[in-house]
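[1] pasting the sequence and the predicted coordinates here, then a few questions.
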Amino acid sequence: MTPEEALAKYQAMTKPELRSVLVLEYRCGHDRPGCLLLHVWNTPQGRLYYLPRYRLSPKTATTEVAESARWKRTEDGFRVLRSRAGSFDEILADYACEPDSGLPMNCEHLRNVKVMFERLAADAEQGQPGRHAARRVARDGTVTR
């Protein structure tokens, strides 16, 4: 399944449909309920992930992101980075064996806080469709329940 197909599948689900297949949810620890950082859900083709769009500050957008990358990865050509989705199982297979590899989590409160793939895989295994594992991520990268 292509990333575009995975994103379309996620966006087409209603909240009850998503709740019935969701196995893992990560949110930022800034406030309750916290910004959504990651959803992982089951499909007949395997597990898929969704990373929501997020907004950079104007300063971060101009000083830390190349202009060509901003045009390619943002909705507005400047600071609103696009949502992403794809195969969770594929990214685990591709990156989990690399030491210190992780998935960067981003929202209005967190910037590139990396959660290790080993941790993501273990958390996804604990969740079940309809009874997902819920985690919170602090600014220092600490993951809690």
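    Nice, thanks for sending it over.
[2] endpoints of stretch 115-135, how far apart?
    11 Å (CA to CA, to the nearest Å).
[3] for that stretch, buried residues please.
    Using 16 or more other CB atoms under 10 Å as the test for burial, stretch 115-135 gives Val115, Met116, Phe117, Leu120, Ala121, Asp123, Ala124, Gly127, His132, Ala133, Ala134, Arg135. To be clear about C-beta, it is placed using only N, CA and C from the backbone, and glycine gets the same treatment.
[4] number of residues surrounding the nearest residue to Gly130 once chain neighbours are set aside?
    Excluding its sequence neighbours, the residue lying closest to Gly130 (CB to CB, 6 or more residues apart in numbering) is Ser20, at 5.4 Å. Neighbours of Ser20 under the rule other CB atoms under 10 Å: 13.
[5] per-residue pLDDT, Ser20?
    Looking at Ser20, its pLDDT reads 97.
[6] and it, which helix or strand is it part of?
    helix 15-21 (DSSP states H and E).
[7] hmm, back to that, can you tell me which of the buried residues of stretch 115-135 are in helices?
    Using DSSP state H, the members of these that fall in helices are Phe117, Leu120, Ala121, Asp123, Ala124.
[8] distance of the residue nearest to Gly130 from Thr14?
    Here the distance between Ser20 and Thr14 works out to 10 Å (CB to CB, to the nearest Å).
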